[in-house]
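Engineer: what's the 3D shape of this:
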Amino acid sequence: MVQLHVERTIAASSDRVFDWLVDPANLTAAPLFLKAGWRNESLPPGVGAVREVIAAGAWLREEITAYDPPRAYSYRVIKSFPAANHDGGTISLTPADLGTRVVWVSTYTIPARGGGKLIEVVTSPLFRSCFDAILAGCAKGLESQ
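Structural biologist: Numbers count the residues shown, from 1 in each chain. I've put the predicted structure just below:
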């Protein structure tokens with residue numbers, strides 16, 4: 001099992017940070033995430049909304065499982081290629097002295113048929129880097145305004 005934990009303080013209000021992070025198009029701030037958006041029949045954003053992400057070598061369909069603006073939202077990968085078992089992810093926001101503290105936690109396993117522990121070792125730093133890049137993109141986009 002892999003548990004990713006990434007944190008960053010962003011010099012912007014929780015409302016603005018939440019709105020930026022919940023927009024799937026902004027996931028492409030990570031170089032490996034090539035395209036992201038709400039699934040056609042999805043009614044964004046909120047519980048039950050579905051987003052899809054095309055990444056270098058991967059595809060993910062995620063469902064929003066909890067939605068509490070501007071404090072937090074949670075999601076779960078419900079389908080992916082390559083296959084993964086996602087226990088869920090949560091992005092939490094709290095006011096901080098210099099803006100908003102963001103904590104992103106996500107837990108997953110790769111089944112044996114998908115490469116198991118070996119692929120977990122490879123994907124863990126890649127996903128951590130992607131999460132860092134998304135938070136950096138949020139900071140860059142909001143702090144310059």
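Engineer: most centrally placed residue in this protein?
Structural biologist: For the chain, the residue sitting closest to the mean C-alpha position, by CA atoms, centre = their mean, is Phe131 at 6.4 Å.
Engineer: Let's verify the closest residue to that one other than its chain neighbours: helix, strand, or coil?
Structural biologist: Nearest non-adjacent residue to Phe131, counting by CB to CB, 6 or more residues apart in numbering: Val6, 4.3 Å away. In this view, the C-beta of every residue, glycine as well, is placed from N, C-alpha and C. Taken by DSSP: H, G, I helix; E, B strand; the rest coil, the conformation at Val6 corresponds to strand.
Engineer: neighbours around Val6, how many?
Structural biologist: 19 (other CB atoms under 10 Å).
Engineer: Tell me who's in contact with it.
Structural biologist: Val103, Trp104, Arg128, Phe131, Asp132, Leu135 (CB atoms under 8 Å, 6 or more residues apart in numbering).
Engineer: bridging residues for it?
Structural biologist: According to DSSP bridges, the residues that bridge with Val6 are Trp104.
Engineer: mind checking how far it is from Ile134?
Structural biologist: Computed as CB to CB, to the nearest Å, the Val6 to Ile134 distance reads 9 Å.
Engineer: Derive a ChimeraX selection command for the buried subset of the contacts of Val6.
Structural biologist: In ChimeraX, this line selects whichever of the contacts of Val6 come out buried by 16 or more other CB atoms under 10 Å:
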select :104,128,131,132,135
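Engineer: From Ala72, how far out is Val2?
Structural biologist: Distance from Val2 to Ala72, by CB to CB: 21 Å.
Engineer: Touching, Gly115 and Pro82? I think so.
Structural biologist: Yes. With contact defined as CB atoms under 8 Å, Gly115 counts as touching Pro82 (7.3 Å).
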